[in-house]
Structure formats: structure tokens, C-alpha cells
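>>> sharing a model prediction with you, sequence too.
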Amino acid sequence: MTPYSSLLKEWRKHRRMSQLDLATEADVSARHISFLETGRSRPSPDMILHLSDVMDVPVDARNQMLQAEGFAARFAKTPFDDAAMAPIRDAVEWTLKRHDPYPGIVLDRVWRIVRLNKAAELLFAPLGIETGQSLLALVTSPVMAELVENWPEVAHHTMLRLRSESANAGGLPELDAAAKALAPYASIHRDMVPGPTVPAIYRFGEQRVSMFGTVAQFSTVTDVTLDDLKIELFFPSDEASASFLREISSPRHGG
């Protein structure tokens, strides 16, 4: 086996595909897939990228596959502050600014904070959340059981999300470790009729704030940095929470 053949086999298994499944989807013979996985055949760069398309492999892993066969990487990893990222930063800032007075956070693949809007800074400042820090440290902290009223249920769904994101990326130790740390806290009431979302109900002193989140990502990406980026926007689950968020962001409160 070669480094590429090992990577191909690992990703095929990550995607729960047999050799025949992959061959059928890629319109090649199962024999060719078998030869690639044993190292008897060497793929062209186009074949590496074609099979990666079929398996929906992240762009950084595609670079690893190309380099494993001695080919040049095809996808850049442009720093977020680079001039080439200006249109992307503009889109991110536009989204975050217009989401005020509701919190918005930009995260990378291991939940490190890239950007916060004003509402997120105001609401989460007491927790020490700021740009450059990882949310994984917070979500796995014992303080969450005191901060989030329905923490067992939220922990359960957070654990599932971490596992899903890790699996999609081919396995991320940081996310796997966080999911494992959440397991003892995670539980749901099986007999409870679920609503359309599972909001996190925060308690800040006497104030109760219920919010649910949405996650947005850029499409048709060809850059490693951008492929890792997620914009998480929080919305109030009730009018009392919405009113509180508007209040703390009002000019008379320094928002």
C-alpha cells in the first residue's frame, strides 16, 4: 500500500461505501478501485480529485491525497485577514452586523472563534468568550450545567453535532474529545414531544434567555480556510428573550 491508497481506503470507509459503491458512483471499475487501494495502480491528479468529489472529501484532505502521490496541492489555505479574503470578510461582517441585536459567531473547524458581533460580545462577555478562543473549552466546562437550564438535552444535541462534524471531516480529535466529555451530561426525555428546535435556555443572574441557533457555510469553496468556516447565528425563542437582547444592545446600555 502507498500513503494515497491508505487515505483512499480510510475515506471510503468514513463515507460507508464499499469498493463497488465508490466504483459505481465514480463510473470506474471496482477492479480499478481495488488496485488503487492496494497500490497496484497509481492515480492521476484528476482521478484523485474525481474520487474526492464522489466521496465529498474536504479540500484540505484532497491536498493531502494529492501530496501523498507526489503531486502539488491544488487548494490554498489563505489567512482570513489576507487581502484576497476581503469579499469574504465583507460578507461575514455584513451578516454579523445585520444580525444584531441577536448574537452571531464565526467559528473554524475546531470551534475556534474567528469573529463575534456586538450582541455576542455583550451577552457572552461574562463567560470570557472572545476572538481566538475555542468554544469547546466552554461547552465541556462544568459551568454549563449551571448556565444552561436544560443542559442535559442541549449537551445531547451538541454531542451529536460534534460527532457529525468530526465524521464529515474524516475525524477531528478535538471534536471527538469534546463529544466524549459531554457524554456523561447528555440525556433526553424519550417520552417528551419535541418541538421544532431545541433551544438553549441560558440564565444570566435572574434573566432567562432562550435561543436556538442556525449554522451557515459558504458553498462552492476552493480554499481550506473558507471550507472550515461556519457562521452561527442565534435567535430568540420567545418575545421575552428577544426583548432582553434588544435591551442590552440599545445605546443607553452601551450597545
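Nice, I can see it.

>>> neighbours of the residue nearest to Asp56 when sequence neighbours are not counted, just the number please.
Closest residue in space to Asp56, ignoring its immediate chain neighbours: Arg15 at 7.2 Å, by Cβ to Cβ, 6 or more residues apart in numbering. Any C-beta I mention is one placed from the backbone N, CA and C, and that applies to glycine too. By the criterion of other Cβ atoms under 10 Å, Arg15 has 17 neighbours.

>>> hmm, Met55 and Arg15 touching each other?
Yes. Counting by Cβ atoms under 8 Å, Met55 is a contact partner of Arg15 at 4.9 Å.

>>> can you give me the helices for the stretch 151-255 of the chain?
Ranges of helices in the stretch 151-255 of the chain, per DSSP state H, counting those that start in this stretch, are 151-168, 173-182, 224-228, 239-248.

>>> just these: most buried one?
Ranked by mean neighbour count under mean count of other Cβ atoms under 10 Å, the helices of the stretch 151-255 of the chain are led by helix 224-228, which reaches a mean of 20.

>>> circling back: mind checking how far the residue nearest to Asp56 is from Leu182?
The gap separating Arg15 from Leu182 is 25 Å, by Cβ to Cβ, to the nearest Å.

>>> and for Thr220?
Thr220 is 33 Å from Leu182, by Cβ to Cβ.

>>> the residue nearest the centre of the chain in helix, strand or coil?
The chain has Arg109 as the residue nearest its centroid, 5.1 Å off, counting by Cα atoms, centre = their mean. Following DSSP: H, G, I helix; E, B strand; the rest coil, Arg109 is assigned to coil.

>>> next, give phi and psi for it.
phi -70, psi -30 (degrees, to the nearest 10).

>>> helix/strand/coil for the residue with the largest distance to the centre of the chain?
When distances are taken from the C-alpha mean of the chain, Arg40 lies farthest, 36.2 Å away, according to Cα atoms, centre = their mean. With three-state DSSP as the basis, Arg40 sits in coil.

>>> how about Glu146, what does it touch?
By Cβ atoms under 8 Å, 6 or more residues apart in numbering, the contact set of Glu146 is Arg203.

>>> how about the helix or strand containing it: buried residues?
Using DSSP states H and E, Glu146 maps to helix 143-147. By neighbour count with 16 or more other Cβ atoms under 10 Å, helix 143-147 contains the buried residues Met144, Leu147.

>>> what does stretch 7-18 give?
For stretch 7-18, burial by neighbour count (16+ other Cβ under 10 Å) applies to Leu7, Leu8, Lys9, Trp11, Arg12, His14, Arg15, Met17.

>>> thank you kindly, that will do.
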